[in-house]
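Student: return atomic coordinates for the entry below.
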Amino acid sequence: MAQIWDRIDNILSGKTGEKVRIRGWIHRTRSSGKLIFLQVRDATGIIQVTIEKGGIPDDEFEAAKKALIESSVSLEGQVIKDKRAPGGWEIHPESFTVINSADIFPITEQHSTEILLDHRHLWVRSQQLTHIMKIKASLLRIIRDWFATHDFFETTPSVITTNAAEGGATAFTFKYFDQKAFLSQTAQMYLEALIFSLERVWCLTPSFRAEKSRTRRHLIEYWHLEAEEAWLDNNQNMALQEELISYVCQNISTACTSNLEALGCNPLDLQKITPPFPKITYKEAVTRLQKKGFDFTWGDDFGVSQEKVLTVGEEKPLFITHFPQEIKAFYMKLSPDGKTVECSDMLAPQGYGEIIGGSQRSEDISSMKMRLKKQGAKLENYEWFFDLRRFGSIPHSGFGMGIERLLCWITQQEHIRDMTPFPRLVRRVYP
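Tutor: Below you'll find the model as predicted:
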């Protein structure tokens, strides 16, 4: 019969006088003569363990005294209420076993970012990253719940493609047997193919951008949520995005209250994220920036400093709509003015930058071909995409969202690299 182990979070909820059995890792340790004070961690929390000489067999006491942090252990004992202990509870063991005695841990209190990245496989055990990964897991579950209740079909498009949808300069190329292929920058084009049978589709796949960006908001590999819907225009597309983001924020605030608070966030701030979100056009954004003293003209793209200024004072995300066609993708529908496209970028407050980009899709093959030619693209690689316009085309829209960007804003963290267990950066592919 399998042994039953208690979870630390259940113990911390109040089990005075009960006998418990736990297993985990030594998070902190110190000893004072005949007393050993440990903090033991499992996936659910941390609890203090106080071992008194004579309370357990001598060999177990000596093993506990020698065990360094990150040693794996198991123990059995009684739960005692103690206001001085972290969490207000501690365990007094009757038995204690060191499963594996760890070497000296290579990460100390004085550490550089590079050391943490070199030892990422160990640093993922930190409380900061543990809280973030728990929130991320809840985020993905909540997103799936929202799409399921809105009758979207989750799909699984390939991340190997012959189309550099977002521009060849930032695509990773590789030899696919006897031909050239790319790692996907977006699944959008494949999702467009699926709306003709399923109408509402979405996916969550890794995307890859060969951008030599070293900002706190860029990853080379990230998890890309994308959705596409038939019969939808750009305004309806923005309304859909508002509803999704609001749903995520409302539910994360209640599902992950303790994790958010541990990261220094106020969960009540997320309760304020409700539709409608403020909206301005790209033209209005240019005027705002110029009034703030920026040397910014029509056709320029926003950088970190511009996006931060545009969202100053905003509690909710901000939509910027109708960008010049020259700085947006070839597949975006041209607006009636002939200069802009039917698109939007959603910027998170407090300078966290773009979290969603979306648009109504073009149905004009000749216009798309002309724009692709300017990029130097091989039109034959897009013939299948043009077929979607030749056979039963309809108005449709979609959007893409970087999961790590969204998570970085929700958790109010400084750098996007901590939103994923093993970040891929310009000079970082190990471990």
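
Student: contacts, neighbours, all on C-alpha from now
Tutor: OK.

Student: part of a helix, is residue 115?
Tutor: Yes: counting by DSSP: H, G, I helix; E, B strand; the rest coil, residue 115 is found in a helix.

Student: what sits closest to it if chain neighbours are left out?
Tutor: Using Cα to Cα, 6 or more residues apart in numbering and skipping the chain neighbours, the partner closest in space to residue 115 is residue 107 (7.7 Å).

Student: mind checking what secondary structure the one you found has?
Tutor: Taking three-state DSSP, the label given to residue 107 is coil.

Student: state the number of residues packed around it.
Tutor: 13 (other Cα atoms under 10 Å).

Student: wait, doesn't it sit right on residue 118?
Tutor: No: between residue 107 and residue 118 there is no contact under Cα atoms under 8 Å: 10.2 Å.

Student: where do the contact lists of those two overlap?
Tutor: Overlap of the contact sets of residue 107 and residue 118 (by Cα atoms under 8 Å, 6 or more residues apart in numbering) is empty.

Student: quick one: residue 96 and residue 288, what's the gap?
Tutor: For residue 96, the distance to residue 288 equals 65 Å [Cα to Cα, to the nearest Å].

Student: do the same with residue 312
Tutor: 12 Å.

Student: and for residue 232?
Tutor: With Cα to Cα as the criterion, residue 232 and residue 288 are 30 Å apart.

Student: between those two, which is the more surrounded one?
Tutor: Neighbours were counted for residue 232 and for residue 288 using other Cα under 10 Å; residue 232 has more, 19 against 16.

Student: wait, what's in contact with the more buried one?
Tutor: So residue 232 contacts 360, 395, 396, 397 (Cα under 8 Å, 6+ apart).

Student: one more time with 7 Å
Tutor: 395, 396, 397 (Cα atoms under 7 Å, 6 or more residues apart in numbering).

Student: state the pLDDT value of the residue of the chain positioned farthest from its centre.
Tutor: The centre of the chain is farthest from one residue, residue 54, which by Cα atoms, centre = their mean lies 48.5 Å away. What the model reports as pLDDT for residue 54 is 96.

Student: now do the one 4 residues further on
Tutor: Looking at residue 58, its pLDDT is 97.

Student: quick one: buried residues of stretch 207-227?
Tutor: Across stretch 207-227, burial judged by 16 or more other Cα atoms under 10 Å covers 207-210, 216-227.

Student: ok, stretch 238-249 next?
Tutor: Quick answer for stretch 238-249 (16+ other Cα under 10 Å): 238, 241, 242, 243, 244, 245, 246, 247, 248, 249.

Student: what's the closest of these to residue 4?
Tutor: Nearest to residue 4, judged by Cα to Cα, of the buried residues of stretch 238-249 is residue 248 at 34.8 Å.

Student: sticking with that closest one, tell me its helix or strand.
Tutor: helix 234-255 (DSSP states H and E).

Student: repeat for residue 217
Tutor: Residue 217 belongs to no helix or strand, assigned by DSSP H and E.

Student: torsion angles phi and psi at it?
Tutor: phi -120, psi 0 (degrees, to the nearest 10).

Student: any weak-confidence spans in the stretch 151-300 of the chain?
Tutor: Scanning the stretch 151-300 of the chain with the threshold set as pLDDT under 70 gives 165-168.

Student: so which of the contacts of residue 232 is the most crowded?
Tutor: residue 397 (27 neighbours).

Student: now do the contacts for that residue.
Tutor: Taking Cα under 7 Å, 6+ apart, one finds 228, 229, 230, 232, 233, 234, 237, 359, 360, 361 in contact with residue 397.
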